[in-house]
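Student: next come a sequence and a model predicted from it.
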Amino acid sequence: TYTTTTPMAVGNYEYKYVMVDATGDNWESTANRALTVSGTTDLAQDYWESGTTPPYTPTDSVDVWFRVSTAGISDYADSTMLIAGTMNGWSGEPLTAEDTTLTFWSGHYAFAANTSLEFKFQNGVGGWEGISNRTATVSSDTTLAFVYFNNVPPTNVAPVNVSFNLNTSTAPGFTDSANTIVIRGSMNGWAGVDWAMTNVGGDYWTYTTDTTMAMGNYEYKYVMLDALDNVNWESTANRALTLAGETADVSLDLDYWESGKTPPYTPTDSVDVWFRVSTAGIITYAGETMHIAGTMNGWSAEPLTNEGDSILWSGQYSFPAGTASPITLEYKFLKGSDGWESNDNRMATVNQDTTLAFVYWDNAPPSNVQPVTKSVVFSVDMTEWLDETNATGMPVFSVSRGDTMQIRGGFNGWNCDNPADCEL
């Protein structure tokens, strides 16, 4: 609503409203309006090119006119626009197109006085705006100023493709074989699986838009879908994306699941590598601290950090910038300080900050098959190695001296912490 007050002499006048913009003067196309001044006058509400007739049908209630523009929707396909809010139980109801261009859509609701409203527009059924709820408080007949859908105005800057990049090292053990990660946000109605990401190795996922995105402000989140059809949204606040004046395709900086753009390690000026192991498949796991040993620490077992009393343990190593690149690593995880994995040495080659995808200790994933107990008898003949009277072999092993024979393997962590599990 626009208003002005001006002194005028008594008499008869004609007038029109003129909208002035960068293109020049835009006059109302209707007949001149008439005005008779005989004293102080407060004119009735005028409506552009519509006399004093509002765009809605007045009632005895408080009438509110809602209006939305599709001009900023880069991929608008002539779908019917809808409105949903507290006035209709958040059930999307169609608006009316104001002309054949389908640029403006509007609708009318009637309320009691002093009503507080929340609402959103939809681009087709279910095509919700991705912004926060719109709000209004009305106490008299009101035409709410038109808004652009999703608050995205039109632009003469060509839309661009956008690549989203995600790292899941801050997530509870996502794998590319058991999980699908999709992007949902204001640009796709916060729904669907069309924006499914591709795993490009370990913790790293990416998605490049199939259709270009217009300049504007967007919000989004990553969503993990598992094999049981569970839908797991990031629990953190919506992520924000602003496109403004980009003239080439955009590749976004790396996001971390539920961690903004902050990695799980403390970045340094060196090449930072994040190691991670899961204990979920260790049948006999009893809460031992997990360790790592490898070429980066002289194969000396060093403790990892438990991730919040979970099944995951992790740790960081940083390699000086002067280290020959690429850096080739060999390593193993340990259950306790000496419970070595029985698999071959793990290997990794890195030339930049990297989070290595989590692995199961000893490459044994969890199983819903219950373990069974079988008796296995191990025996070894030491006749040729006895250091005893009348022995004829190599004098190495002596029972009288207190020597013991042990067996160690993957079934007991390659140690003899519990003599009952290893001594013969």
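Tutor: Structure's in. What do you need?

Student: number of residues surrounding Thr52?
Tutor: 10 (other Cβ atoms under 10 Å). (Glycine included, C-beta is placed from N, CA and C.)

Student: who's in contact with it?
Tutor: By Cβ atoms under 8 Å, 6 or more residues apart in numbering, the contact list for Thr52 reads 44-46.

Student: if we go to 6 Å?
Tutor: By Cβ atoms under 6 Å, 6 or more residues apart in numbering, Thr52 lies in contact with 44, 46.

Student: and it, which of the three is it?
Tutor: Three-state call for Thr52 (DSSP: H, G, I helix; E, B strand; the rest coil): coil.

Student: pLDDT score assigned to it?
Tutor: On the pLDDT scale, Thr52 is placed at 88.

Student: same check, this time on Pro371
Tutor: Model confidence at Pro371, given as pLDDT, is 62.

Student: now swap in the one 10 residues further on and tell me
Tutor: Note on Asp381: pLDDT of 84.

Student: over to the one 4 residues further on?
Tutor: Confidence at Trp385, expressed as pLDDT, is 82.

Student: number of residues surrounding it?
Tutor: By the criterion of other Cβ under 10 Å, Trp385 has 15 neighbours.

Student: and Asn230, by the same measure?
Tutor: Residues near Asn230, counting by other Cβ under 10 Å: 9.

Student: same question for Pro303.
Tutor: Counted with other Cβ under 10 Å, residues neighbouring Pro303 total 14.

Student: would you mind measuring from it to Gly245?
Tutor: 50 Å (Cβ to Cβ, to the nearest Å).

Student: neighbours of the closest residue in space to Ala178 that isn't next to it in sequence, how many?
Tutor: Nearest residue to Ala178, sequence neighbours excluded (Cβ to Cβ, 6 or more residues apart in numbering): Ala227, at 5.5 Å. Burial of Ala227 is recorded as 9 neighbouring residues (other Cβ under 10 Å).

Student: and Gly216, by the same measure?
Tutor: Around Gly216 there are 23 other residues, counting by other Cβ under 10 Å.

Student: contacting residues for Asp309?
Tutor: Residues near Asp309 by Cβ under 6 Å, 6+ apart: none.

Student: the residue nearest to Ala178 and Thr180 touch, don't they?
Tutor: No. Using Cβ atoms under 6 Å, Ala227 makes no contact with Thr180, being 8.9 Å away.

Student: okay, and the beta partners of Cys305?
Tutor: Check again: residue 305 is Thr, not Cys. Beta-bridge partners for Thr305, by DSSP bridges, are Ser314.

Student: any idea how far Trp274 is from it?
Tutor: For Thr305, the distance to Trp274 - Cβ to Cβ - is 11 Å.

Student: ok, and the closest non-adjacent residue to Trp340?
Tutor: Trp414 (4.5 Å).

Student: in what helix or strand does Ala280 lie?
Tutor: Taking DSSP states H and E as the definition, one finds Ala280 inside no helix or strand.

Student: got a list of what it touches?
Tutor: Ala280 is in contact with 311, 366, counting by Cβ under 6 Å, 6+ apart.

Student: one more: Trp299?
Tutor: By Cβ under 6 Å, 6+ apart, the contact set of Trp299 is Ala293.

Student: since we're on the residue nearest to Trp340, how many residues are nearby?
Tutor: Neighbours of Trp414 (other Cβ under 10 Å): 17.

Student: can you list phi and psi of it for me?
Tutor: When read as degrees, to the nearest 10, the backbone of Trp414 gives phi 60, psi 30.

Student: who has more neighbours, Thr305 and Trp274?
Tutor: It is Trp274, of Thr305 and Trp274, that has more neighbours when counted by other Cβ under 10 Å, with 21 against 13.

Student: span of stretch 352-361 from start to end?
Tutor: End-to-end span of stretch 352-361 (Cα to Cα, to the nearest Å): 25 Å.

Student: helix, strand or coil for Phe411?
Tutor: Per three-state DSSP, Phe411 ends up helix.

Student: ok, for the residue positioned nearest the centre of the chain, nearest residue in space, not its chain neighbours?
Tutor: When the chain is reduced to its mean C-alpha position, the nearest residue by Cα atoms, centre = their mean turns out to be Tyr222, at 2.4 Å. Closest residue to Tyr222 apart from its sequence neighbours, by Cβ to Cβ, 6+ apart: Glu234 at 5.3 Å.

Student: neighbours of that neighbour, how many?
Tutor: 19.

Student: that one and Tyr220, how far apart?
Tutor: Glu234 sits 10 Å away from Tyr220, going by Cβ to Cβ.

Student: quick revisit: which residues does the residue nearest to the centre of the chain bridge with?
Tutor: Ile183.

Student: likewise for Val68?
Tutor: Trp105, Val147.

Student: that one against Trp105, yeah?
Tutor: Yes. Applying Cβ under 6 Å, one finds Val68 in contact with Trp105, separated by 5.4 Å.
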